[in-house]
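Asker: I'll drop the sequence and a predicted model, then ask my questions.
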Amino acid sequence: MVIRETIPLLHDHHNHPSQYAAFFDSADLSEVKEKEKAISIIEDNTEEEKVNVVLGWNNSYYSFDRMDLKKLPPVIICNLSFHGFIHNKKAEDLVNERYENPEILEKLEDPAWMEANLPKIMKFLVEIEGLDEDKLDSLYDFYLEKGIWSIEDMLLPSEKALQTFVSSGHSIRTDFWTTFPTYENLSKDAKKEIKGIKIFTDGALGPKTAALNEKYPGEVEGELLHTEESLSELIEKIDKNKVSIHAIGDVAIKTVVQTLKDLDKKSIDLPETRIEHAQFIDEDTAKTAKSLGVILSMQPNFSMDSKHYSDRLSEKYLKRNNPFRMLIDEVGLVPGEDLIFGSDGMPHGVKPALESSLFPPYPSQKLTLQEFIDGYCDPENEGEIDLVIDKDKKEVKIEDITF
């Protein structure tokens, strides 16, 4: 059955335009499943004279050995999730020669250090590639082609980056979040542009650092970045009234919700709090989160992790990923109110997000079209997306976009 639908343009509640604009011309491996093709793309899109940032590597498909890296130009290859990096000696030598903080590359292979310092790493990578108005123009044109009108930047790296958004005019369509250390270093005027503070409590599935209640293959444990005590202290220090907390694994999610519950019991005024990703939240934890007024900011396209990461997740966790039906039908979350959607840029746009919503790997991950619209679209955004939905082929096509 083929149906036609018209929906509002998307408001992507979780994305990283600062990073994606800086890396707009970088080699991108996100659609590549074979190492030989990945190496060819890297060779065709990198230079010997500079440090090249490469995006989108999915290490569930292939890995790069020392000889592979030795043959390439100077590269820092980013995991698809931006949690996890590898680089070669050529890149290390150029970084040592040209940049003030070369120790970053020396420590990237330490998962605990990497996850604890991810904002610093991303700021460094943006510095390498550079962020300018032309790149932002290209990125925001790309967003429109994908059906995205407005967006939330979840990791603004610096005041300089903010100034580039403002001077380019793209700050009008962008909400900015940043980390507490970055926020503290902003000018008084720049602080007024910040919607809220971002906190990380674990890693991601790609580098096996999301904090799950079971080990990954090879006895690898995820990285829990905050105890309840340290998270509580940080939340109480923040002077913004909105907080966004990255938590993918069930251990991290429970730590966040229990911390908020304890603060609430102490009659401490909680900031408006979002949990980003919340992929492995359970029903009891979700009910507690709802009672505290927590918003879940989730990614329908991450339902495909149940296919992509079958090499590192047990069947139990593959089925528990993105439990939208439980959250809506049992817990009572309402799309657009306490359940909102974004992409994290993996990948961008309406087509993959809606295909993952309507045709996910498990029925427990399914969203209706109206739930998708309520949680992902802003009726006040200018323009519309005309869609063709083929239920037999499980495919969504963009027929037209007006704005």
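Answerer: Everything's here; your move.

Asker: can we go C-alpha only for contacts and neighbour counts from here?
Answerer: Fine.

Asker: Pull the contacting residues for the residue nearest the centre of the chain.
Answerer: The centroid of the chain falls nearest to Asp344 when counting by Cα atoms, centre = their mean (3.3 Å). Neighbour list for Asp344: His14, Asn15, His16, Gln299 [criterion: Cα atoms under 8 Å, 6 or more residues apart in numbering].

Asker: ok, 10 Å please
Answerer: For Asp344, the contact set (Cα atoms under 10 Å, 6 or more residues apart in numbering) comprises 12-17, 81, 152-154, 276-277, 298-299, 301-302.

Asker: and if you look at Phe23?
Answerer: 17, 52-55, 125-126, 128-131, 135, 139.

Asker: ok so the residue nearest to the centre of the chain is a helix residue?
Answerer: No - counting by DSSP: H, G, I helix; E, B strand; the rest coil, Asp344 is not found in a helix; it is coil.

Asker: need the longest helix for this protein.
Answerer: The helix that spans the most residues within the chain, counting by DSSP state H, is helix 250-265.

Asker: Give the buried residues for that one.
Answerer: Going by neighbour count (16 or more other Cα atoms under 10 Å), the buried part of helix 250-265 is 250-261, 263.

Asker: ok, now stretch 394-403?
Answerer: Neighbour counts over stretch 394-403 (16+ other Cα under 10 Å) mark Glu395, Val396, Lys397, Ile398, Ile401 as buried.

Asker: Now do the strands in the stretch 101-250 of the chain.
Answerer: Remark: strands assigned in the stretch 101-250 of the chain by DSSP state E, counting those that start in this stretch are 148-153, 174-179, 194-200, 242-247.

Asker: the domain parsing of this protein - what is it?
Answerer: 16-129, 137-402 (automatic domain parsing).

Asker: Quick check: mean pLDDT of the shortest one?
Answerer: Translated: domain 16-129. For domain 16-129, mean pLDDT is 93.

Asker: what's the answer for the longest one, then?
Answerer: Along domain 137-402, the predicted local confidence has a mean pLDDT of 96.

Asker: Quick check: which of the domains of the chain is nearest to Ile3?
Answerer: Among those, the nearest to Ile3 by Cα to Cα is domain 137-402 (5.3 Å).

Asker: what's the first-to-last distance across the closest one?
Answerer: 18 Å (Cα to Cα, to the nearest Å).

Asker: hang on, the earlier thing: the longest helix of the chain: what's the following helix or strand?
Answerer: strand 272-277 (DSSP states H and E).

Asker: elements contacting the next helix or strand after that following strand?
Answerer: On the C-terminal side of strand 272-277, the closest following helix or strand by DSSP H and E is helix 283-291. If contacts are counted by 3 or more Cα pairs under 10 Å, 6 or more residues apart in numbering; DSSP states H and E, helix 283-291 sits against helix 250-265, strand 272-277, strand 295-298.

Asker: which one of these lies closest to Lys70?
Answerer: Set against Lys70 and scored by Cα to Cα, the helices and strands packed on helix 283-291 come closest in strand 272-277, at 35.6 Å.

Asker: what is the orientation angle of that closest one with helix 283-291?
Answerer: Per axes from the mean of the first three to the mean of the last three Cα atoms, to 10 degrees, the angle that strand 272-277 makes with helix 283-291 is 150 degrees.

Asker: which one of the contacts of Asp344 has the most neighbours?
Answerer: Asp12 (30 neighbours; other Cα atoms under 10 Å).

Asker: just how off-centre is the longest helix of the chain within its chain?
Answerer: Mean-position distance between helix 250-265 and its chain equals 21 Å (Cα atoms, centre = their mean, to the nearest Å).

Asker: now stretch 166-184
Answerer: Centre-to-centre, stretch 166-184 and its host chain are 16 Å apart (Cα atoms, centre = their mean).

Asker: Kindly report the same for stretch 126-136.
Answerer: Stretch 126-136 sits 19 Å away from the centroid of its parent chain (Cα atoms, centre = their mean).

Asker: Which residues does it contact?
Answerer: Contacts of stretch 126-136 (Cα under 10 Å, 6+ apart): 17-26, 50-53, 95, 98-99, 121-122, 124, 139, 141-142, 157-158, 160-161, 163-170.

Asker: Next, the buried residues of it.
Answerer: So for stretch 126-136, counting by 16+ other Cα under 10 Å, buried means Val126, Ile128, Glu129, Leu131, Asp132, Glu133, Lys135, Leu136.

Asker: Dump these to a markdown table, plus distance to Ala210.
Answerer: Converted to a markdown table, the buried residues of stretch 126-136 look like this (distance: Cα to Cα, whole Å):
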| residue | distance to Ala210 |
| --- | --- |
| Val126 | 24 |
| Ile128 | 27 |
| Glu129 | 27 |
| Leu131 | 29 |
| Asp132 | 32 |
| Glu133 | 34 |
| Lys135 | 31 |
| Leu136 | 30 |
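
Asker: OK, contacts around His246?
Answerer: With Cα under 10 Å, 6+ apart, His246 has these contacts: 154, 198-204, 252-253, 256, 274-278, 297.

Asker: re earlier: wait, which of the domains of the chain is closest to Thr6?
Answerer: Here domain 137-402 is closest among the domains of the chain (Cα to Cα), at 4.4 Å.

Asker: What's the end-to-end length of stretch 137-157?
Answerer: End residues of stretch 137-157 are separated by 18 Å (Cα to Cα).

Asker: Give me the buried positions along that stretch.
Answerer: 137, 139-140, 143-157.

Asker: now do stretch 160-172
Answerer: By neighbour count on 16+ other Cα under 10 Å, the buried set for stretch 160-172 is Ala161, Leu162, Thr164, Phe165, Ser168, His170, Ser171.

Asker: again with stretch 168-186
Answerer: 168, 170-171, 174-180, 182-183, 186.
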